[in-house]
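K.L.:
got a sequence here, can you build the structure:
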Amino acid sequence: MNLTTLISKLETQVRIAERIASRYQARAEVLREKLDKVAYLLSGKALEKVVKVAQAASKSNGRRRGMSAAGRARIAEAQRQRWAKIHAKTGGKKAVVKPAAAKRGRRRGHLSAAGRAAIIAGQQRRWAAKGKAS
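P.N.:
Numbering: from 1, shown residues only. The predicted structure is shown next:
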């Protein structure tokens, strides 16, 4: 091997080593940033900022938001009208709210006689096919 070939191979190996080193340096920088962020969060400074923001947001003049007497009166009148409408339909008696199942005309989860007969007939056919007819 002559000297120029050896120098060429060494230069190639140096370039490869530099590329590998630059990749590791980039990865090391990313890890340092993550470590700094975790250290910041653990230091309590982040929590202090959150608490300050929450306190600033919750500061008020100490009064709850209220409703005017006129607003309460409008709501009460609307509710009285709704109840009057319901009581007018029932003739002054208490309105009985029927469940949705009652509207369908049958209870859920129960078989009709025809449905039960169809299941029995099918089962008997399957038994007969296996030779276990009774």
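K.L.:
what's the longest helix in this structure?
P.N.:
Taking DSSP state H as the assignment, the helix of the chain that covers the most residues is helix 3-43.
K.L.:
which element follows that one toward the C-terminus?
P.N.:
helix 45-58 (DSSP states H and E).
K.L.:
pLDDT weak spots in this structure?
P.N.:
1, 57-64, 92-108, 132-134 (pLDDT under 70).
K.L.:
quick check on Ser112: phi, psi?
P.N.:
Per-residue torsions, Ser112: phi -80, psi 170 (degrees, to the nearest 10).
K.L.:
quick one: it from Lys89, how far?
P.N.:
As defined by CB to CB, to the nearest Å, Ser112 lies at a distance of 33 Å from Lys89. Where you see a C-beta, it was placed from the backbone N, CA and C, and this is true even at glycine.
K.L.:
where does Leu111 land in three-state SS?
P.N.:
Using DSSP: H, G, I helix; E, B strand; the rest coil, the structure places Leu111 in coil.
K.L.:
with Gly66 instead?
P.N.:
Gly66 - assigned by three-state DSSP - is coil.
K.L.:
ok, it to Lys34 distance?
P.N.:
When distance is defined by CB to CB, Gly66 is 49 Å away from Lys34.
K.L.:
for Thr4, same thing?
P.N.:
Going from Thr4 to Lys34 by CB to CB gives 46 Å.
K.L.:
could you do Gln55 as well?
P.N.:
Gln55 sits 29 Å away from Lys34, going by CB to CB.
K.L.:
Arg23 now?
P.N.:
The gap separating Arg23 from Lys34 is 17 Å, by CB to CB.
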